[in-house]
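K.L.:
Sequence first, predicted model second:
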Amino acid sequence: MAFMTIDTDTCNKDGICAAECPMKIIQMKDGLPVPVNGAEALCIHCGHCVAVCPTAAFTLNSMGPGDCLPVNKDLLLDPEKAEHFLRYRRSIRTYKDKPVDRETLSELIRIASYAPSGHNSQPVSWQVVYGRDDVVRLSGLVIEWMQSMMEHQPKIAAMLHLDMVVAGWQMGLDTVSRSAPHLILANGNKANPMAKPACSIAMTYLELAIPSFGLGGCWNGFFNAAALSYPPLKEALGLKDGMENYAAMMVGFPKFKYHRMPPRNEPVVQWV
């Protein structure tokens with residue numbers, strides 16, 4: 001199959017595909033889009049050319065118009081709905097003792113995988129800690145990391161109140177993973193400079209999608225910090241070959257419902 005093909009019967013020769021290509025590897029010749037020299041090697045397969053064509057005339061060897069989800073104007077958010085959607089999200093720290101089925105978690109990850117990444121590299125590797133016993137076991141390793149921090153980096157430990165978290169754990173209070181039934185992790189190769197931001201962006205997508213499934217989530221910063229610096233936890237996660245955990249999310253059914261959306265500080269903006 002050719003790298004790119006154009007339906008000459010439907011192409012309206014508007015040049016939008018060439019204008020929108022982020023790699024600038026499409027040029028107009030005799031009124032039709034054609035690849036520049038070396039285009040196939042430079043293409044990042046973002047699909048902009050296929051998605052932006054108003055007549056569905058453009059096809060890449062990796063995707064065609066039929067592979068893309070059509071834009072449904074009825075589902076687009078206006079500014080008011082967008083604000084409500086974003087503000088409705090809450091960090092959930094109290095969960096029902098009820099597991100989420102694997103199919104739902106897989107669907108969440110599938111949606112989150114559409115998050116943008118540098119050069120469309122899509123470097124995120126997902127990992128699910130599904131069993132509650134495994135969540136508890138790994139959270140215990142986070143507690144070990146905290147105890148190590150209290151011994152070797154007491155100033156940082158004091159700033160983060162790690163002593164209180166450890167004391168609570170010893171009394172049966174889980175303020176590491178908040179008794180969540182599941183953890184979803186976004187991992188990436190540390191040799192890839194695009195992996196860390198891509199993991200953060202993808203996990204943000206996942207968190208924003210969570211409420212639509214009737215679920216709640218909360219970033220697990222303690223777990224992420226420990227996974228980055230505590231070898232026993234990294235080993236327990238099976239992270240090898242330069243892989244790092246760059247984001248961790250607690251996921252489960254919220255025990256309570258929220259009825260209001262609290263205000264936040266006015267943004268500080270500097271115009272330059």
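P.N.:
All right, it came through fine.

K.L.:
pLDDT value on M1, please?
P.N.:
Note on M1: pLDDT of 74.

K.L.:
give the contact list for it.
P.N.:
N61 (C-beta atoms under 8 Å, 6 or more residues apart in numbering). In short, each C-beta sits where N, CA and C put it, glycine included.

K.L.:
same deal with the one 4 residues further on?
P.N.:
Under the criterion of C-beta under 8 Å, 6+ apart, the neighbours of T5 are T59.

K.L.:
What strands line up against the helix or strand encompassing it, and which way round?
P.N.:
Here T5, judged by DSSP states H and E, is contained in strand 4-6. Applying DSSP bridges, strand 4-6 is found paired with strand 58-60 (antiparallel).

K.L.:
before we move on, the earlier item: from the contact counts, what lies against the helix or strand that the strand holding T5 is followed by?
P.N.:
Counting by DSSP H and E, the element after strand 4-6 in chain order, helix or strand, is helix 16-20. Contacts defined by 3 or more C-beta pairs under 8 Å, 6 or more residues apart in numbering; DSSP states H and E place helix 16-20 against strand 26-29, helix 48-52.

K.L.:
Report all helices and strands that the helix or strand following the shortest one contacts.
P.N.:
Just to be clear, that refers to strand 26-29. Going down the chain from strand 26-29, the next helix or strand is strand 32-35, by DSSP H and E. Strand 32-35 sits against strand 4-6, strand 26-29, with contacts defined as 3+ C-beta pairs under 8 Å, 6+ apart.

K.L.:
Can you lay out those strands as JSON lines showing mean pLDDT and distance to L206?
P.N.:
Output for these, formatted as JSON lines (pLDDT from 0 to 100; distance: least, C-beta to C-beta, whole Å):
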{"stretch": "strand 4-6", "mean pLDDT": "97", "distance to L206": "32"}
{"stretch": "strand 26-29", "mean pLDDT": "97", "distance to L206": "33"}
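
K.L.:
how about the ones you listed in CSV, adding distance to L77?
P.N.:
Output for these, formatted as CSV (distance: least, C-beta to C-beta, whole Å):
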stretch, distance to L77
strand 4-6, 32
strand 26-29, 31
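
K.L.:
Out of those, which is closest to L60?
P.N.:
strand 4-6 (5.5 Å; C-beta to C-beta).

K.L.:
wait, doesn't V36 sit right on M23?
P.N.:
No - the criterion here is C-beta atoms under 8 Å, and V36 misses it with M23 at 9.3 Å.

K.L.:
burial of A2, as a residue count?
P.N.:
Neighbourhood size, A2 [other C-beta atoms under 10 Å]: 10.

K.L.:
Spell out the secondary structure type for it.
P.N.:
Under DSSP: H, G, I helix; E, B strand; the rest coil, A2 falls in the coil class.

K.L.:
Would you quantify the distance from it to I44?
P.N.:
Distance, A2 to I44, by C-beta to C-beta, to the nearest Å: 18 Å.

K.L.:
rewinding a little: of all the helices and strands packed on strand 32-35, which one comes closest to H48?
P.N.:
strand 26-29 (9.7 Å).

K.L.:
Quick check, central residue of this protein?
P.N.:
When C-alpha atoms, centre = their mean is applied to the chain, the residue found nearest the centroid is A202 (1.3 Å).

K.L.:
what sits against the closest residue to that residue other than its chain neighbours?
P.N.:
Once flanking residues are discounted, A202 sits nearest to A115: 4.0 Å by C-beta to C-beta, 6 or more residues apart in numbering. Listed by C-beta under 8 Å, 6+ apart, the contact set of A115 reads 124, 198, 201-202, 204-205.

K.L.:
what helix or strand does A115 sit in?
P.N.:
Under DSSP H and E, no helix or strand contains A115.

K.L.:
Now it: phi and psi?
P.N.:
Reported as degrees, to the nearest 10, the phi and psi values for A115 are phi -60, psi 150.

K.L.:
Partner strands of the strand ranked longest in the chain and their direction?
P.N.:
Counting residues, the longest strand in the chain under DSSP state E turns out to be strand 243-252. Strand pairing for strand 243-252, determined by DSSP bridges: strand 182-189 (antiparallel), strand 216-219 (antiparallel).

K.L.:
Now do the same for that strand: mean pLDDT, whole number.
P.N.:
98.
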